[in-house]
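1. Predicted model follows, preceded by the sequence.
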Amino acid sequence: MSLFNVFQVSSSAMTAQSMRLNAVASNLANADSVVSADGKPYRAKEVVFEATPIGNNGDLSKGVRVRQIVENAAPPRMVYDPKNPAADEKGYVAFSNVDVVEQMTNMISASRSYQTNVEVMNTAKTMLLRTLQIGQNN
């Protein structure tokens with residue numbers, strides 16, 4: 001793998017993790033929502049990644065990209081609150097299916113992955129600069 005491909009691989013991972021962080025932010029913002037734009041309870045969004053080739057001529061380097069963003073299939077969280085105007089005939093209100101603890105875990109994971117890829121890029125940059133310095137000393 002070319003050292004330059006490291007930048008492409010890390011860049012693709014940073015872009016994917018950035019989209020994951022955006023999905024988590026949206027989920028957390030709607031954690032206590034009763035209705036979304038379609039009139040139904042908000043459903044948590046999940047980002048699906050896939051490997052993608054980087055480079056040319058049969059190079060085996062793989063990056064990552066977001067294949068799709070899907071809605072979590074878990075049922076809505078039902079809360080008994082008969083005085084709420086959104087309550088059904090049995091007195092239950094359907095809230096979003098966002099699990100705040102799971103979303104916070106996803107946020108930490110995505111953030112650390114993003115930071116790790118920044119470090120990989122910085123290390124590759126340092127290696128390239130040192131390689132250039134070797135050539136200057138001769």
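-> On my side now, so go ahead.

2. quick one: average confidence on the host helix or strand of residue 27?
-> Assigned by DSSP states H and E, residue 27 belongs to helix 3-29. Helix 3-29 comes out with an average pLDDT of 93.

3. Which elements pack onto that helix?
-> Helix 3-29 sits against strand 45-53, strand 62-71, helix 100-136, with contacts defined as 3 or more C-beta pairs under 8 Å, 6 or more residues apart in numbering; DSSP states H and E. (Glycine included, C-beta is placed from N, CA and C.)

4. got the contact list for the most centrally placed residue in the chain?
-> Residue closest to the mean C-alpha point of the chain, counted by C-alpha atoms, centre = their mean, is residue 20 at 1.3 Å. By C-beta atoms under 8 Å, 6 or more residues apart in numbering, the contact list for residue 20 reads 47, 66, 106, 110.

5. Next, give me the two most distant ones among the residues you listed.
-> Greatest spatial distance among those (C-beta to C-beta): 66 and 106, at 14.1 Å.
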